[in-house]
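1. Pasting the sequence and the predicted model now:
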Amino acid sequence: MLPRLEPRSGVSAAMMLLTPAIAVGLTLIAGVIMFAALGFDPGRALYTFFVKPVSTLYGVSELLVKATPLAVIGIGLALGFRANVWNIGAEGQFTLGAICGGGVALAFHGVESWLVLPAMAVAGILGGLAWGAIPAFLRVRFNANEILTSLMLTYVATLLLSYLVHGPWRDPEGLNFPESRMFEDSALLPVILDETRLSIAAPIALLIVLAGWVVLSRAFLGFQIKVVGQSPAAASYAGFSEKRLIWTVLCVSGALAGLAGMFEVSGPIGQLHPVVSPGYGFTAIIVAFLGRLHPVGVLFAALLIALSYLGGELAQIELKLPLALTGVFQGMLLFFLLGTDVLIRYRIRFRRRGARIALPQGG
Amino acid sequence: MAAVASDDATARLALTDICKTFPGVVANDRVSLTLRPGEIHALLGENGAGKSTLVKIVYGVLRADSGEMRWNGQIVQVGSPAQARRLGIGMVFQHFSLFDSLTVAENIALGIDEKVPMRDLTERIGEVSAHYGLALDPGRHVHTLSVGERQRVEIVRCLLQNPSLLIMDEPTSVLTPQEADRLFETLRQLAAEGVTVLYISHKLEEIRALCEAATVLRGGRVVATCDPRTETARSLAQMMIGAELATPERGGADAAGNDRLTVRNLSLESEHPFGTPIRNVSLSVRAGEILGIAGVAGNGQPELLAALSGETLCEDADAILLDGRPVGRLGPRARRARGVCVVPEERMGQGTVPEMTLSENGFLSAYLRSGMLRQGLLQVRAMSRFASDIIQAYSVMAPGPAAAAGSLSGGNLQKFIIGREILQNPEILIAAHPTWGVDAGAAAAIQQALLDLAKAGAAVLVVSQDLDELFAISDRLAVICEGRLSASRLTRDTTVEQAGLLMGGMFDEAGEIVETHAA
């Protein structure tokens, strides 16, 4: 008896939309089992993880603060994944955005001008874009796999940041801590809700989601991206240049990740640290897939994953659960999502090998 | 009738009331068929009539929903092709299942069920191929063989198992006329030795020449059984379609205009390891005429088409000229902007994106020419209107512009693609296999549309494997063989025999026919 995957005759559109919900449900069930196995009251643990973080206005604002970079990066990745361009290095592009944006802030230290923030945003975008353009060049010119090159560049970026904050950009009055100066007010994003860290980055992220939606559903660029991803031969027949699209999606996703990195250092962090991201660039890959590579889906997925970050922190504080639990939850979510995805396309059949039908003798 | 009873008793294969339903389609509806030993029996029908389903049931690839199959008088259920082969049923498929990088003998060893030492096998291949005049070198690699030779490998593979029923699925669609004649001799010899041949085709003349009985399927049912030798091609076609057949009307005008598309000494290496490089091809298509390019599949047609459409760029811009201007280095988009439309070889995945709607697929190639793109944004209403226009004008069977292209049958999708390209009012149309797999009624409509387009002044280039089609619609004819193109000739001054010689590569450097007098 060997299990086999057999393609289903049709894929139901309703199921395609339902699978994220099913995956979330299965993750919760698995979470209950896991908490029970660890000796916690599952009800209380789940409450601490998923409800308590957003039971206050401050909690909701923190949710949006965490969802912002995920949504901004996720939109860019979704565009690329739709074109079968696998940018796995958003974390590095995010870091470069933080370095370039932060660099501008440090360079204009002491300058009070409204121009500082736009200059930082442009620098962040260009930094991320440059970091995305390297894999694009290597792919188009040498056919080098962008999964590997973009991933490897991530480590280059984090080491570069580490070098800068340990060396040239270290705060002269910082008691030798590996940190830059605190940015001045002109280099910090305006907060839009008092007593919180919620800045104008959140509404900008919403605009980016909307723009992504328009691009994918109405724009010629989005059409070309979808055709290249679904039928490369049809794209070639239609005259859509695959090379140009690879350049475009890697530069756009790099630029968006860079912008998110600049938002992070000029918003919640306010200076450069050796570590500026709790893995937003990698988590955004889950966000993009959980959102079915659709901008609106990406928005909801970003909120859900942001909740898992907050819940993980709270569970650590209140229940003394390890922070690794956040990663476990995110991993389970991706696992169940991919699993349900396979099962709506295929069914499992148990069949003995070489089944034979009785054959009359003679003849 | 007593005759029927005795018929059944001696029948090699008797099918009674075979039914097979797929979701939404009745593929076989109470089909009955009787095959006698030593008979060459035609199974005739349009695409989608249920021929393939029926033979797949006989060969054990599919299971019938109901009905009875008797083999030499005994009821059998064939559960797998291996079991069919043990019964003595062999089948040669339209699409070969051979490994390019293996030798003939290795391919045959893989395809038969018993384990035979390679030396014995090579010996038996030699015996069989000598006995039936199917010349084959067991040691040659398959990628060096012509299509006709590859088919021989498939036939020999079947014959090694001493079948008493041989099913041939559209065997001549890839052969030159001369190769087809040789195949018919082999089949007649097999029949004389008592082997039953079930011959599937929609080519009426060859059925009249070869078969002594025919069963005609239409819409999954048997609509007639007849002796094709006493029928005309026209009467057979009408049984098959169930309606009067429209013959394409020629413009008859020789008033061809200036050269629109010119190819000069084009040479291209193939990107595919087993592809065919293009060697020094020259041609020109004038306004108002149809140039037909005939040739057996696998002789460089995909490579030539990709170079013409711009999917492959030439090294030399001057190799391809549009109205005298070099375009060899321009991609498909720039060539479209200059009035070139293309019906590609593959309809799924190249001509259309299966997951996308017909609206989107209409836009796919027409985005430059029909106001569906403004300021970088798709004009959804115009896209839907364009798709509806195609569906109406070319009677595409589809629920509407929002239907996914992948949900259409091959023939309907082809009609959609042809309509999409012609409704763009091309000045130059390059069409690959325009009626391949399309039912006869629709094929006539497509051929008429191509003729009308040429009459209206467009330059039309048709690449096809169907010689009958090219003789029916083209003004001039050239033949591609092993990446070389013959000189073009006026179609009305060309005979089928001459075309056959050219398809076999019998032309010199200048592209003219070489008459061989060797026996």
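-> Right, received. Where do you want to start?
2. Quick one: the helices in the stretch 301-450 of chain B, in order.
-> B:301-309, B:332-337, B:358-366, B:380-393, B:410-422, B:440-455 (DSSP state H, counting those that start in this stretch).
3. closest one to chain A among those helices?
-> Set against chain A and scored by C-beta to the nearest C-beta, those come closest in helix B:332-337, at 3.2 Å. Bear in mind the C-beta positions are built from the backbone N, C-alpha and C, glycine included.
4. Other residues contacting that closest one?
-> A:236-240, B:309-311, B:322, B:327, B:342, B:365, B:368-369 (C-beta atoms under 8 Å, 6 or more residues apart in numbering or on different chains).
5. List the buried residues for it?
-> B:332, B:335-336 (16 or more other C-beta atoms under 10 Å in any protein chain shown).
6. got the residues you listed as TSV, with distance to B:G88 and pLDDT columns?
-> Supplementary listing: the buried residues of helix B:332-337 in TSV, determined by distance: C-beta to C-beta, whole Å; pLDDT from 0 to 100:
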residue	distance to B:G88	pLDDT
B:P332	51	94
B:R335	54	94
B:R336	54	93
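7. show me the contacts for whichever residue of the stretch 51-200 of chain A sits closest to chain B.
-> Residue nearest to chain B within the stretch 51-200 of chain A: A:R82 (11.8 Å; C-beta to the nearest C-beta). Counting by C-beta under 8 Å, 6+ apart, A:R82 touches A:216, A:222, A:225-226, A:229, A:293.
8. looking at the residues you listed, which has the most residues close by?
-> Comparing the contacts of A:R82 by number of neighbours (other C-beta atoms under 10 Å in any protein chain shown), A:I225 comes first, having 27 neighbours.
9. tell me the mean pLDDT for the one helix or strand that residue maps to?
-> Per DSSP states H and E, A:I225 falls inside helix A:220-230. Mean pLDDT, computed over helix A:220-230, is 95.
10. quick one: is it near chain B?
-> Yes: against chain B, helix A:220-230 shows contacts by C-beta under 8 Å from any C-beta of the partner chain at A:220-221, A:223, A:226-227, A:230.
11. between those residues, which is nearest A:I73?
-> A:L221 (18.9 Å; C-beta to C-beta).
12. Was I right to think that closest one contacts B:G376?
-> Yes: with contact defined as C-beta atoms under 8 Å, A:L221 and B:G376 form a contacting pair (6.9 Å).
13. which sections of the stretch 251-363 of chain A are below the confidence cut-off?
-> A:351-363 (pLDDT under 70).
14. now the strands for it?
-> Taking DSSP state E, counting those that start in this stretch to define them, one finds strands in the stretch 251-363 of chain A at A:346-351.
15. more crowded one of A:L221 and B:G376?
-> Shown here are A:L221 and B:G376; by other C-beta under 10 Å, A:L221 has more neighbours (18 against 11).
16. what's near enough to touch residue 313?
-> Using chain A. A:E313 touches A:53, A:323, A:326, counting by C-beta under 8 Å, 6+ apart.
17. switch to chain B, that's the one I care about
-> Contacts of B:L313 (C-beta under 8 Å, 6+ apart): B:328-331.
18. Next, count neighbours for B:E345.
-> Using other C-beta under 10 Å, B:E345 is surrounded by 18 other residues.
19. Would you confirm that it contacts B:I430?
-> No: using C-beta under 8 Å, B:E345 is not in contact with B:I430, being 10.7 Å away.
20. could you redo the residues of helix A:220-230 next to chain B as TSV and give each row distance to A:G267?
-> Formatted as TSV, these follow (distance: C-beta to C-beta, whole Å):
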residue	distance to A:G267
A:F220	34
A:L221	29
A:F223	34
A:K226	33
A:V227	37
A:Q230	37
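21. before we move on, the earlier item: so which of the contacts of A:E313 belong to helices?
-> A:T326 (DSSP state H).
22. what's the residue nearest to A:A121 when sequence neighbours are not counted in contact with, if anything?
-> Leaving aside its sequence neighbours, A:A121 sits nearest to A:M262 (C-beta to C-beta, 6 or more residues apart in numbering or on different chains; 5.8 Å). Going by C-beta under 8 Å, 6+ apart, A:M262 touches A:97-98, A:100-102, A:120-121, A:123-125, A:127.
23. Using JSON lines, lay out these together with secondary structure, distance to A:L26 and pLDDT.
-> Putting the contacts of A:M262 into JSON lines (DSSP: H, G, I helix; E, B strand; the rest coil; distance: C-beta to C-beta, whole Å; pLDDT from 0 to 100) gives the following:
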{"residue": "A:G97", "secondary structure": "helix", "distance to A:L26": "35", "pLDDT": "97"}
{"residue": "A:A98", "secondary structure": "helix", "distance to A:L26": "35", "pLDDT": "97"}
{"residue": "A:C100", "secondary structure": "helix", "distance to A:L26": "41", "pLDDT": "97"}
{"residue": "A:G101", "secondary structure": "helix", "distance to A:L26": "39", "pLDDT": "96"}
{"residue": "A:G102", "secondary structure": "helix", "distance to A:L26": "40", "pLDDT": "95"}
{"residue": "A:M120", "secondary structure": "helix", "distance to A:L26": "42", "pLDDT": "96"}
{"residue": "A:A121", "secondary structure": "helix", "distance to A:L26": "40", "pLDDT": "97"}
{"residue": "A:A123", "secondary structure": "helix", "distance to A:L26": "43", "pLDDT": "97"}
{"residue": "A:G124", "secondary structure": "helix", "distance to A:L26": "38", "pLDDT": "97"}
{"residue": "A:I125", "secondary structure": "helix", "distance to A:L26": "38", "pLDDT": "97"}
{"residue": "A:G127", "secondary structure": "helix", "distance to A:L26": "39", "pLDDT": "97"}
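24. mind checking the SS state of B:A27?
-> Under DSSP: H, G, I helix; E, B strand; the rest coil, the three-state class of B:A27 is strand.
25. Please give me every residue in contact with residue 96.
-> Chain wasn't specified; assuming chain A. Taking C-beta under 8 Å, 6+ apart as the criterion, A:L96 is in contact with A:127-128, A:130-131, A:157, A:160, A:258, A:261.
26. my bad, chain B
-> By C-beta under 8 Å, 6+ apart, the contact list for B:F96 reads B:150-151, B:153-154.
27. The same query, at a cut-off of 6 Å, please.
-> B:150, B:154 (C-beta atoms under 6 Å, 6 or more residues apart in numbering or on different chains).
28. quick revisit: ok, which of the contacts of A:E313 also contact chain B?
-> By C-beta under 6 Å from any C-beta of the partner chain, no member of these lies near chain B.
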